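Student: coords please:
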Amino acid sequence: MSNTEQSFQAGKAQAEGERAAQCVKGAAGATACAVGDTAGAAADSAQLQQHRAAGAVQQVAEQVAQTAQGAAAAVKATAAGGH
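Tutor: Next comes the predicted model:
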């Protein structure tokens, strides 16, 4: 897990602890806490998907760069072999 992910998880745990403490204070807050929990879960899911997408884009970019380097090397080798 990267430092960014660890920091995110630590902040998330702190926020969840604070939210749980508020929920315990009264039944009227239970509905608000449930809504907050749902919204928080949706935001966490969206952020996780964003991190995964960024990782996938990075991998594809690296593969494209490697393929381009290989193609350039092949062209150079072919051109050098013809002379």
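
Student: what is the helix ranked longest in the chain packed up against?
Tutor: Of all the segments of type helix in the chain, defined by DSSP state H, the longest one is helix 28-81. For helix 28-81, the contact count by 3 or more Cβ pairs under 8 Å, 6 or more residues apart in numbering; DSSP states H and E identifies helix 3-24 as packing neighbours. All C-beta atoms are positioned from the backbone trio N, CA, C, and that covers glycine.

Student: what pLDDT, on average, does the helix it packs on get?
Tutor: Averaging pLDDT along helix 3-24 yields 68.

Student: go on, stretch 54-72?
Tutor: In this model, stretch 54-72 carries a mean pLDDT of 92.

Student: what's around Asp37, how many residues?
Tutor: Summarising burial for Asp37: neighbours were counted as other Cβ atoms under 10 Å, giving 14.

Student: then the one 10 residues further on?
Tutor: Using other Cβ under 10 Å, Gln47 is surrounded by 12 other residues.

Student: what do you get for Ala42?
Tutor: Burial of Ala42, expressed as a neighbour count using other Cβ under 10 Å, amounts to 10.

Student: against Ala15, how distant is it?
Tutor: 14 Å (Cβ to Cβ, to the nearest Å).

Student: please apply the same query to Ala80.
Tutor: Applying Cβ to Cβ, one obtains 61 Å for the distance of Ala80 from Ala15.

Student: okay, those two: which has more neighbours?
Tutor: It is Ala15, of Ala80 and Ala15, that has more neighbours when counted by other Cβ under 10 Å, with 12 against 8.

Student: tell me how many other residues surround the nearest residue to Ala15 once chain neighbours are set aside.
Tutor: Setting aside the residues directly before and after it, Ala15 is nearest to Gly40 in space (Cβ to Cβ, 6 or more residues apart in numbering), at 7.3 Å. Using other Cβ under 10 Å, Gly40 is surrounded by 14 other residues.
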